[in-house]
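> Got a predicted structure here, sequence first:
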Amino acid sequence: MTAAKPENLKIVKEFGRKEILFSVARQPNSNRVFLGASDAKVYDLDVMAEKPEPVAMLGHESYVTGTALAGKYLISGAYDGRLIWWDTETRQQVRAINAHTRWIRGVTATPDGRYVLSVADDMLCRIWDVAKGTLVRDLIGHAPRTPHHFPSMLYACNVSADGRYAATADRVGKSIVWDLHNGRQLATMEAPIMYTWDPKQRIHSIGGIRSVAFSADSQLIAVGGIGTIGNIDHLDALARVEIFDWQKGERVHELAGDTHKGLVERLVFHPNGDWLMAAGGDHGGFIQFYNLANGEIMKQDKAPMHVHDVVLNESADTLYAAGHGKAVVWSLKGEA
């Protein structure tokens, strides 16, 4: 078996669904995933089984847009504003709370599983104690309205691998890095190209930062979205990624891609810093790999669906993805 690398990218499993799959969380060292879906359900699935048989977990009342594993619990968040704790062994609800007053856009857990973070359109990032289900603190720093006086949205959140920092990102292209220990703002970055405002025909905006990720050493932060859009009724601009050295306050790369249009819904850094993966879509989908040293594209391909979420396994050779009507497993492993 040769080393895993983007050039070896291939689909090894596809699982079709009638729902839109918005989020995926993976049980460590397994092919078991939990999928948040548009039918208000969470699905437990061994995606690599010969005949995958998803088991539905009921409790939400709208789109399930975030799933995160924290120890023995799965925590899911949805447009109903609720967070639900599930026992991963029994699939039973342990706790349900009204966490936000508007749509929850994402859920992520700290690496040690002690805390879970949720972001929503009430423009709050909330930190929760996993064991107790209690609110630890709110991270408040994103404006509730856009510069054009429309409600803003808080799309994305991520936690660094060392558990020290969190990053949040919003509709108008602003991202903030936070100290998770005390909730203090450490840095602010702007990616205004990812926000398009139409002042004439639609009087409306589109875009925003849809994904954010830390490099393994926590030095870099990447944000993903879309470039400036000409026709606001369509995602007709190239997918866009910007990378910052947030501690220095420097933009390292602006990556506009050269082929695929649409939103970058998920970013994943290789644990050794070999590459950055971006995935998303418009009507279709894409997956891209960038060289972090020079910002050049190493590999890009169409995805069989608009991709909403991706997780990488421990050996960094397999990607598990969720999207419009499909779950997909990509392999980066070459043949002997």
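Yep, that arrived.

> Could you use CA atoms for every contact and neighbour count after this?
OK.

> looking at the chain, which helix or strand is least sure?
The weakest-scoring helix or strand in the chain, judged by mean pLDDT, DSSP states H and E, is strand 204-207 (a mean of 82).

> following it, which helix or strand comes up?
Downstream of strand 204-207, the first helix or strand assigned by DSSP states H and E is strand 211-214.

> So which elements touch that next one?
Applying 3 or more CA pairs under 8 Å, 6 or more residues apart in numbering; DSSP states H and E, one finds that strand 211-214 contacts strand 154-159, strand 165-170, strand 220-226, strand 263-269.

> Of all these, which one is nearest Val119?
Taking CA to CA, strand 154-159 is the member of the helices and strands packed on strand 211-214 nearest to Val119, at 6.2 Å.

> Tell me which strands that closest one pairs with, and in which orientation.
Paired strands of strand 154-159, with direction, are strand 165-170 (antiparallel) (DSSP bridges).

> The partner strand: which residues count as buried?
165-170 (16 or more other CA atoms under 10 Å).

> What strands flank the following helix or strand past that strand, and is each parallel or antiparallel?
Proceeding C-terminally, strand 165-170 gives way to strand 174-179 as the next helix or strand, assigned by DSSP H and E. Strand partners for strand 174-179, identified by DSSP bridges, are recorded as strand 165-170 (antiparallel), strand 185-190 (antiparallel).

> Could you pull up the mean pLDDT of the first one?
Within the predicted structure, the mean pLDDT of strand 165-170 is 98.

> contact partners of that strand?
By CA atoms under 8 Å, 6 or more residues apart in numbering, the residues outside strand 165-170 that reach it are 119, 125, 142, 152-160, 175-180, 208-213, 223.

> still on that earlier bit, may I see the strands paired with strand 174-179 organised as TSV, with distance to Arg114 added?
Shown next, in TSV, are the strands paired with strand 174-179 (distance: least, CA to CA, whole Å):
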stretch	distance to Arg114
strand 165-170	14
strand 185-190	21
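
> Ala3 is nearest to which of those?
Using CA to CA, the strands paired with strand 174-179 put strand 165-170 closest to Ala3, at 31.1 Å.

> Just want the angle from that closest one to strand 220-226.
Per axes from the mean of the first three to the mean of the last three CA atoms, to 10 degrees, the angle that strand 165-170 makes with strand 220-226 is 20 degrees.

> still on that earlier bit, looking at the buried residues of strand 165-170, point me to the pair that's furthest apart.
Among these, Tyr165 and Asp170 lie farthest apart (CA to CA), at 17.2 Å.

> just checking, Arg251 is part of a helix?
No. Counting by DSSP: H, G, I helix; E, B strand; the rest coil, Arg251 falls outside a helix, being strand.

> so what's it closest to, chain neighbours aside?
Phe244 (4.3 Å; CA to CA, 6 or more residues apart in numbering).

> Contacts for the helix or strand that neighbour falls within, please.
Using DSSP H and E, Phe244 sits in strand 239-245. For strand 239-245, contacts defined as CA under 8 Å, 6+ apart pick out 189, 191, 194, 219-227, 250-257, 260-264, 278, 281.

> Kindly report the same for stretch 77-88.
Under CA under 8 Å, 6+ apart, the answer for stretch 77-88 is 40, 59-67, 72-76, 92-107, 118, 120.

> Repeat that for stretch 316-330.
4-5, 9-24, 35, 47, 270-271, 304-313, 331-333.

> if we can go back for a sec, wait, which of the helices and strands packed on strand 211-214 is closest to Phe286?
Going by CA to CA, the one of the helices and strands packed on strand 211-214 nearest Phe286 is strand 263-269, 8.9 Å.

> Direction included, what does the helix or strand just after that closest one pair against?
Sequence order places strand 275-281 as the next helix or strand after strand 263-269, per DSSP H and E. Applying DSSP bridges to the sheet, strand 275-281 is found paired with strand 263-269 (antiparallel), strand 285-291 (antiparallel).

> quick one, which of these is packed in tightest?
strand 263-269 (a mean of 27; mean count of other CA atoms under 10 Å).

> mind checking how far that strand is from the chain centre?
Averaging C-alpha positions (CA atoms, centre = their mean, to the nearest Å) puts strand 263-269 6 Å from its chain's average.

> Same check on stretch 163-171?
The answer for stretch 163-171 is 11 Å, by CA atoms, centre = their mean.

> Could you number the chain from 738 rather than 1 from now on?
Right, with 738 as the first residue, what we last looked at is stretch 900-908.
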